[in-house]
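Enquirer: Show me how the following folds:
(chains A and B)
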Amino acid sequence: MAGNVDISNLNKIFDNRIRLGIMSVLMINDEISYNELKELLQVTDGNLASHLKGLEESGFVKVQKGFIGRKTNTTYSITKAGEKAFRQHLDALEQMIRKTK
Amino acid sequence: MSEEQTLDALKDIRTMMERSSRFISLSGWSGIAAGVCALGGAAVAYPYVKGDYQNLVPSNAATAQMVNRHSISGIISHPLFLIAACTFIAAFITAFIFTYIKSQKENIPIWGKTSARLLINGAIPLVTGGLFIIRLLQMSYFGLVAPACLIFYGLSLLNASKYTYREIRWLGIAQLILGLLSCWNIGYGIYFWTIGFGVMHIVYGAIMWWKYDRN
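Expert: Numbering: from 1, shown residues only, chains lettered A, B, ... in the order given. Here you go, the predicted structure:
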């Protein structure tokens, strides 16, 4: 089966809607706050935090902690490695579609 | 991964990218409402405009000293200025209401990075145009007011189109063309203005409603 080659390029980490969503948003926004991300993806705190942690541990996402007045403001941005991995994932998805056409 | 899952994943990516970069709650009804307000404003203003042209333009054009002929307070208390201001406010509020309703329906927050970017980038040419027009009024260049409204509004839409639906670019280009045509048809400004702000908005709103809101 020719399809096997492509599947190896699909990144297991992105095999989840929330993580895929986080990466999509970070690809086109230089940085985004935790709350904005939560609103965009419409997920619960626990869910979002654990997926962000996962992406951070893989080295795909960077965290910056700061303050707005007294409130903590955590922002996220994509790393070089994250960008590269996500692009490869997109290419693999594209190739899969081409194969099935 | 099946084909269906792959397509779903791509659809998700696309949705998230659009959602986080462009303000997509702009409702077609907002365009229609703004157009209706403009038609109303133009109808109320029409008798004043016709009167002013006959009385003011020939005599003022003849005067060499045009700098600061009219005071700012004189301009902003003129009935035409008040009609224009009320029209703008009514159009903005009604447009906002329909967009607010749409954003509630789609569960997208109305105030966020995307709407802020849209407003700021739309406002820059618009405020510039507004100040420029006040200066035109001060110097009695009444004939250039309608073309300036259309041109600066067209530029504003062109700039804003990067932060919302791309189609708004075409509305901007239409306003620019009308504004430029109007420059060579001084004295018919009210007609160009009515087509641009009234008819074009309604046409645009109807197209957008058909394309995105109907379902």
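
Enquirer: residues contacting residue B:24?
Expert: Applying CB atoms under 8 Å, 6 or more residues apart in numbering or on different chains to residue B:24 gives the contacts B:18, B:108, B:114, B:164-165. Using the backbone N, CA and C atoms, a C-beta is placed for each residue, glycine as well.

Enquirer: so which strand or helix has residue 10?
Expert: Reading this off chain A. Under DSSP states H and E, no helix or strand contains residue A:10.

Enquirer: wrong chain, I was asking about chain B
Expert: helix B:3-21.

Enquirer: immediately after the helix or strand bottoming out on mean pLDDT in chain B, which helix or strand?
Expert: One helix or strand of chain B scores below all others by mean pLDDT, DSSP states H and E: helix B:28-62, with a mean of 79. For helix B:28-62, the succeeding helix or strand toward the C-terminus, using DSSP H and E, is helix B:72-76.

Enquirer: Wondering if the helix or strand just after that following helix reaches chain A at all.
Expert: Using DSSP H and E, the next helix or strand after helix B:72-76 towards the C-terminus is helix B:79-106. No: judged by CB under 8 Å from any CB of the partner chain, helix B:79-106 and chain A are separated, with a smallest distance of 11.0 Å.

Enquirer: Double-check that residue A:27 belongs to a helix.
Expert: Yes: counting by DSSP: H, G, I helix; E, B strand; the rest coil, residue A:27 is part of a helix.

Enquirer: And for whatever residue of chain B ends up closest to chain A, the neighbour number?
Expert: Nearest to chain A, among the residues of chain B, is residue B:16, at 3.8 Å (CB to the nearest CB). Close neighbours of residue B:16, defined as other CB atoms under 10 Å in any protein chain shown, add up to 22.

Enquirer: Close to chain A: what parts of chain B are there?
Expert: B:1, B:3, B:6-7, B:9-10, B:12-14, B:16-17, B:19-21, B:107, B:109, B:112-113.

Enquirer: one more time with 7 Å
Expert: B:1, B:3, B:6, B:9-10, B:12-13, B:16-17, B:19-21, B:107, B:109, B:112-113 (CB under 7 Å from any CB of the partner chain).

Enquirer: Next one, pLDDT for the nearest residue to residue B:104 once chain neighbours are set aside please.
Expert: Closest residue in space to residue B:104, ignoring its immediate chain neighbours: residue B:110 at 8.0 Å, by CB to CB, 6 or more residues apart in numbering or on different chains. Residue B:110 carries a pLDDT value of 84.

Enquirer: now swap in residue B:136 and tell me
Expert: Per-residue pLDDT puts residue B:136 at 92.
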